[in-house]
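Novice: Following is a predicted model, sequence given first.
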Amino acid sequence: MMRQVCPLLVGLGASLLAPCRAQESKPPAPQGPAVIRDFEPFPSRWFAPGRPVAGVEPPAYVINERASPWNPYRQNVLKGDFPLSGTEDLFFSFTATNRLFFEKRDVPTPSGITGPGPVATGFFGDGDQTFLQDDLALSFDLFRGQQAFKPVDWRLRVTPVFNYTRVDVEEVGVVVIDPAQGSTRERGDVTLQEAFVEYHLFDLSSRYDFCSVEAGVLPFRSDFRGFLFEDTNLGIRFFGNADNNKWQYNVALFDQLDKDSNSGLVRYEDRDQNVLVANVYRQDWPVLGYTTSVSFHWNRDRREIEFDDNGFLVAPAPIGNFTPSELDAYYVGWAGEGHFGRWNITHALYKAFGRETQNPIAARSTDIDARFFAAEVSLDIDWWRPRAFALYASGDSDPRDGDAEGFDAIVDAPNFGGGGFSFWNSQGLKFVNTSLTNPGSPLADLQTSKTQGQANFVNPGVLLFGAAVDAELTPKWRGQVGFTYLRFDKTESLEFLLQAADIDKQIGIEMFAGTQYRPFLTNNVILQFGGGVLFPDEGFARIYDSDDLRFNVFTNIITTW
């Protein structure tokens, strides 16, 4: 009877319906806002209409709202946030980055005794130099993929770079070999710095453990900090992961192209050098938060006679017997990075072995047997991080015995210790027609050029250790300050080239400091200022005939869209 009466009460209002529903023993209707279903179909997951939210009136709440095309920090089709028009999984990303670098430095500089002006009485002259470099990189990235855990199906990336450099020194015959061209060098360069394709080969599991391949002119770093090989060059790379991304692996083979002497950018000329790298990473082993890696490298260098863009001989090195050499150097290594509780650690250990047919200093064939170790330990304490670091590269104790025991890398660019703020790490120090160090490398390897010369395993090696403090002063402003103690491992190769006995191993102590400021709290404008001062000790003062302070200060402005 009640089931028949209830429909008649609908027009009487909710007050009469309530007792009717109570007699049916049905639960009361839920109160409050409408419940959103777990799955709700939309025409497009990229531009879904706004969903109702309690207290928010549409259209204030919208999913993936379109942004201005000139605003890179809103979701933008030009930044790969949305697919191209008419597609569901084809994306394009454009990035423009300009790096303006200016440096003032005082480094040991050979005197221009053959140039105009009064004849210099000493071998070293005025070391004041200024350096300006501007690089504009335009990166175009086209790829297909869903961008949700799944790796891209394919990618095409090209990056042209426009470069300008200017160097002003006080001596002639330094920036270019012809003294008549003066003491200023001004150059421009344009190149396709990156040009590669990536293709997804296959998946190993339903969780997108995968294997992919890259081919072309591509960037690659073979360990956590770039101690052994970090370069952008012509090659092919197989890479992927396994076991829910606990394992990552790389197998890369490079046919090295030459580099421009002044800009350091890729020049599309083969330099008869091949580099093979194979490494594997294991995350959270042996403890959570720590990643360990093992690697194998092979540097096969067959470079013939080569003069750089400024007229200087870079291969073979213009020391010793001036004879082209064939080099086969192999490296096995173990590296790790992560944290043990609150302690952060980075380390690398390498063993180098192989053979060179004609080392320029030994003037004979040599067997390579060298070692390298580096470690950095830090502790996070609220807004500041104290850290300690040490690096050891073995040196050669007898340059003529046929055993090459001085460690050298392939193309290193380590962010370690003082990094770019360090005088020792950032400066190229000339030495007897070659270089004691090269810009961007802490190794005292006696190479003519890090990018255009050949690795040299008859060298003094280096030992450095120090400490620094990194501080997050504000969300926009961070800084660091520290010191490094430096000494040679062996000095016999230096004594042989200088024909001088008893060169002390002490290089000196350097102080470095730097700061970084992001005025808009984003990475589209980054301002960096810093520098270092070297207080020479007896070994450095003996080599360069002076114990004057050496320094560099720089400004680096990076803008990105």
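Specialist: Good, I have the coordinates. Model, not experiment: these values are computed from the prediction.
Novice: Show me which residues of whatever helix or strand residue 256 lives in are buried.
Specialist: Here residue 256 sits within strand 247-259, counting by DSSP states H and E. For strand 247-259, a neighbour-count test (16 or more other Cβ atoms under 10 Å) marks 248, 249, 250, 251, 252, 254, 256, 257, 258, 259 as buried. The way it works is simple: take the backbone N, C-alpha and C, and place the C-beta from them, glycine included.
Novice: now, which of these sits nearest residue 374?
Specialist: Of all these, residue 374 sits closest to residue 250, with 20.5 Å by Cβ to Cβ.
Novice: Go ahead and confirm the closest one touches residue 238.
Specialist: Yes: judged on Cβ atoms under 8 Å, residue 250 makes contact with residue 238 at a distance of 7.2 Å.
Novice: Parallel or antiparallel, list what pairs with the strand holding residue 256.
Specialist: Sheet neighbours of strand 247-259, with direction, are listed as strand 230-242 (antiparallel), strand 266-282 (antiparallel) (DSSP bridges).
Novice: Among the buried residues of strand 247-259, which pair sits farthest apart?
Specialist: 248 and 258 (30.6 Å).
Novice: still on that earlier bit, point out the most buried one among the strands paired with strand 247-259.
Specialist: Mean neighbour count, computed with mean count of other Cβ atoms under 10 Å, is highest for strand 230-242 among the strands paired with strand 247-259, reaching a mean of 20.
Novice: Can you check which of the strands paired with strand 247-259 gets nearest to residue 190?
Specialist: strand 266-282 (11.0 Å).
Novice: next structured bit after the closest one?
Specialist: Taking DSSP H and E, what comes next after strand 266-282 is strand 290-301.
Novice: follow-up on the earlier one: indicate which one of the strands paired with strand 247-259 is closest to residue 107.
Specialist: Short answer: strand 230-242, nearest of the strands paired with strand 247-259 by Cβ to Cβ, at 23.6 Å.
Novice: Mind listing what's buried along stretch 520-537?
Specialist: For stretch 520-537, by 16+ other Cβ under 10 Å, it's 526, 527, 528, 529, 530, 531, 532, 533, 534, 536, 537.
Novice: looking at it, the third one is touching residue 553, isn't it?
Specialist: What it means is residue 528. No: using Cβ under 8 Å, residue 528 is not in contact with residue 553, being 11.5 Å away.
Novice: returning to what we had before: looking at the buried residues of stretch 520-537, which one is closest to residue 376?
Specialist: Checking those one by one against residue 376 (Cβ to Cβ), the nearest turns out to be residue 532, at 17.5 Å.
Novice: name the element the closest one belongs to?
Specialist: Assigned by DSSP H and E, residue 532 belongs to strand 525-536.
Novice: The helix or strand just after that strand - contacts with which helices or strands?
Specialist: Next along the chain after strand 525-536, taking DSSP H and E as the criterion, comes helix 538-544. In this structure, helix 538-544 packs against strand 506-517, with contacts taken as 3 or more Cβ pairs under 8 Å, 6 or more residues apart in numbering; DSSP states H and E.
Novice: what about the longest strand in the protein?
Specialist: Longest strand of the chain, by residue count under DSSP state E: strand 184-203.
Novice: For that strand, list the C-alpha coordinates in PDB.
Specialist: The C-alpha trace of strand 184-203 is given here as PDB (Å, rounded to 0.1, in the frame of the first residue of the first chain):
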ATOM      1  CA  THR A 184      94.400  41.000 -29.000                       C
ATOM      2  CA  ARG A 185      92.400  38.100 -30.600                       C
ATOM      3  CA  GLU A 186      88.800  38.600 -31.600                       C
ATOM      4  CA  ARG A 187      86.900  35.700 -33.200                       C
ATOM      5  CA  GLY A 188      83.300  34.600 -34.100                       C
ATOM      6  CA  ASP A 189      82.100  31.100 -34.700                       C
ATOM      7  CA  VAL A 190      78.800  29.400 -35.700                       C
ATOM      8  CA  THR A 191      78.200  25.700 -35.500                       C
ATOM      9  CA  LEU A 192      75.600  23.000 -35.000                       C
ATOM     10  CA  GLN A 193      76.700  21.900 -31.500                       C
ATOM     11  CA  GLU A 194      74.000  19.200 -31.200                       C
ATOM     12  CA  ALA A 195      72.300  17.300 -34.000                       C
ATOM     13  CA  PHE A 196      71.100  13.800 -33.000                       C
ATOM     14  CA  VAL A 197      68.100  11.500 -33.200                       C
ATOM     15  CA  GLU A 198      66.800   9.200 -30.400                       C
ATOM     16  CA  TYR A 199      64.700   6.100 -31.000                       C
ATOM     17  CA  HIS A 200      63.000   3.800 -28.600                       C
ATOM     18  CA  LEU A 201      63.900   0.200 -29.400                       C
ATOM     19  CA  PHE A 202      61.900  -2.000 -27.000                       C
ATOM     20  CA  ASP A 203      60.500  -2.300 -23.500                       C
END
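Novice: mean confidence for that strand?
Specialist: Mean per-residue pLDDT for strand 184-203: 96.
Novice: ok, now stretch 110-117?
Specialist: 62.
Novice: same question, stretch 451-461
Specialist: 96.
Novice: measure it end to end?
Specialist: One end of stretch 451-461 to the other measures 19 Å (Cα to Cα, to the nearest Å).
Novice: Can you list the buried residues in that stretch?
Specialist: Buried residues in stretch 451-461 (16+ other Cβ under 10 Å): 451, 452, 453, 454, 455, 456, 457, 458, 459, 460, 461.
Novice: just checking, which of these belong to strands?
Specialist: Using DSSP E, none of those sit in strands.
Novice: export these to JSON lines and tack on distance to residue 125?
Specialist: Listed next are the buried residues of stretch 451-461 as JSON lines, based on distance: Cβ to Cβ, whole Å:
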{"residue": "451", "distance to residue 125": "26"}
{"residue": "452", "distance to residue 125": "25"}
{"residue": "453", "distance to residue 125": "24"}
{"residue": "454", "distance to residue 125": "29"}
{"residue": "455", "distance to residue 125": "30"}
{"residue": "456", "distance to residue 125": "26"}
{"residue": "457", "distance to residue 125": "31"}
{"residue": "458", "distance to residue 125": "28"}
{"residue": "459", "distance to residue 125": "26"}
{"residue": "460", "distance to residue 125": "24"}
{"residue": "461", "distance to residue 125": "29"}
